[in-house]
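>>> Need the 3D shape of this:
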Amino acid sequence: MSDSAPDAPTGPLVIDIWCELQCPDCRTALDDVRALRARYGDTVDLRLRHFPLEKHKYAFAAAQAAEEAFEQGQGWPYVEAVLGGVEDLTRKGEPFLVEIARELGLDAEEFDTALVDGRHILMVDADQAEGKAIGVTGTPTYVIGGERLDGGKSQDGLRERVEEITDLLLAASGQDAS
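Residues are numbered from 1 along each chain as shown. So this is what the prediction gives:
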C-alpha cells in the first residue's frame with residue numbers, strides 16, 4: 001500500500017475526549033489534556049465530545065455553552081474555565097456560564113441567546129447519542145484509534161495509556177510524535 005492510498009490517514013490523529021462540564025473527574029483530567037496538548041501539539045487533534053450526565057443539573061447547558069465558545073473561537077479556554085469552577089456552576093447555574101464568557105471577552109449576550117434558543121442542542125444530543133452507542137458510560141472517557149479508555153472509573157495510568165496508544169498510531173502512520 002502506498003502513502004497515497006485513499007485510506008491513508010490525513011491530518012492530525014484524533015483523540016475524542018468525552019467530557020461533562022460539571023464533572024469533578026473531568027476537572028481533574030484537565031492536567032492530562034494540557035499535557036497531551038503540550039506533548040503532541042498539532043500532530044494530535046484533541047476533540048471535545050459532550051456527554052452530560054443526568055445527575056448534574058447544569059451539564060447540558062454547559063455543553064451548549066461550550067459549543068458557543070468554540071463557535072466564537074475560545075472553546076478550550078472556556079471549557080477549562082468552566083471545569084475550573086465546577087462548584088460555582090453547581091451553585092450559580094446558567095448565569096455562571098454567561099459570566100465565564102464575559103470574563104473571557106466573548107459575546108456574553110450571544111451566549112445567553114444561545115442557551116435560550118437552543119441552537120447547539122442537536123450537537124450535544126448527537127455527541128451524547130454517539131457516546132452511548134460506543135459504550136461511554138461515564139466521564140472522562142477517551143477514544144483513540146477505536147479504543148475506549150474510561151477515566152470515569154479510574155484515572156490512574158490513563159494519560160500514560162493514551163500516550164502509548166497515540167505514539168503507536170503516530171509511528172504506524174509515519175508521523176512524528178513531537
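>>> Please make it C-alpha for all contacts and neighbour counts, starting now.
Will do.
>>> Now the most centrally placed residue in the chain. Nearest residue, chain neighbours left out?
Closest to where the C-alpha atoms of the chain average out (C-alpha atoms, centre = their mean) is L48, at 2.2 Å. Of all residues not flanking L48 in the chain, I17 sits nearest, at 5.1 Å (C-alpha to C-alpha, 6 or more residues apart in numbering).
>>> Reduced to three states, what does that neighbour come out as?
Assigned by DSSP: H, G, I helix; E, B strand; the rest coil, the conformation of I17 is strand.
>>> P77 falls within a strand, correct?
No. Applying three-state DSSP, one finds P77 to be helix, outside a strand.
>>> Next, work out how far apart it and R34 are.
Distance of P77 to R34, computed by C-alpha to C-alpha, to the nearest Å: 11 Å.
>>> between the two, who's got more neighbours?
P77 (16 against 11; other C-alpha atoms under 10 Å).
>>> re earlier: next up, the contacts around the residue nearest to L48.
By C-alpha atoms under 8 Å, 6 or more residues apart in numbering, the contact list for I17 reads 46-49, 140-143.
>>> All the strands of the protein, in order from the start?
Ranges of strands in the chain, per DSSP state E, are 13-19, 44-50, 141-144, 147-150.
>>> do you know how far C23 is from G73?
Per C-alpha to C-alpha, C23 is found 23 Å from G73.
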